[in-house]
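Participant: have a look at this prediction, sequence included:
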Amino acid sequence: MDLCVPGTCDGRALLETQAPEATECLLVEMAKPVALMLCTAALCAVFYTAFLRPSHNFEQDLWDALTLLSLAAGVCVTSGMLFREGNDESALLRTLPVQMFLWVVGVMTVMFASAWFLETHFILYRDVRRF
């Protein structure tokens, strides 16, 4: 009997049961919020590197953001493996950390492209007081 079936992890029943499966299920359930916080922290680090860090070198910012983005992808996929229900391989894209990663990357890509376009074609940082 598998005690770690989704929707059947009752904390009190798991604590009363001394089976190794119950302990494993309890550890998985406790690891889910930690994994989600790590996923969120990694995505916040990507956002900070791409948009909030003061720098004048566009190429270096781009490479730093892509490096952190690959790290965040690894963290989110690993977190998504914890959130999978059962052994369904296709369910990885439907987990919360992976969906959060995909949405954040999509929004940040649009924001980064629009910031690059505005910086290239419209000089917003020029001092207009000299006229």
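Facilitator: Good, I have the coordinates.

Participant: what residues are up against the nearest residue to Thr78 once chain neighbours are set aside?
Facilitator: Of all residues not flanking Thr78 in the chain, Ala35 sits nearest, at 7.1 Å (Cβ to Cβ, 6 or more residues apart in numbering). From N, CA and C alone the C-beta is placed, and that goes for glycine too. Residues in contact with Ala35 (Cβ atoms under 8 Å, 6 or more residues apart in numbering) are 78-79, 82-83, 97.

Participant: centre-most residue in this protein?
Facilitator: Nearest residue to the geometric centre of the chain (Cα atoms, centre = their mean): Cys39, 3.7 Å.

Participant: okay, and the residue nearest to Thr78 sits in which element?
Facilitator: helix 20-47 (DSSP states H and E).

Participant: now do that helix: distance to the chain's middle.
Facilitator: 11 Å (Cα atoms, centre = their mean, to the nearest Å).

Participant: would you mind listing the buried residues in the helix or strand that it is followed by?
Facilitator: Moving toward the C-terminus from helix 20-47, the next helix or strand (DSSP H and E) is helix 58-83. Using 16 or more other Cβ atoms under 10 Å as the test for burial, helix 58-83 gives 61, 64-65, 68-69, 72-73, 75-77, 79-80, 83.
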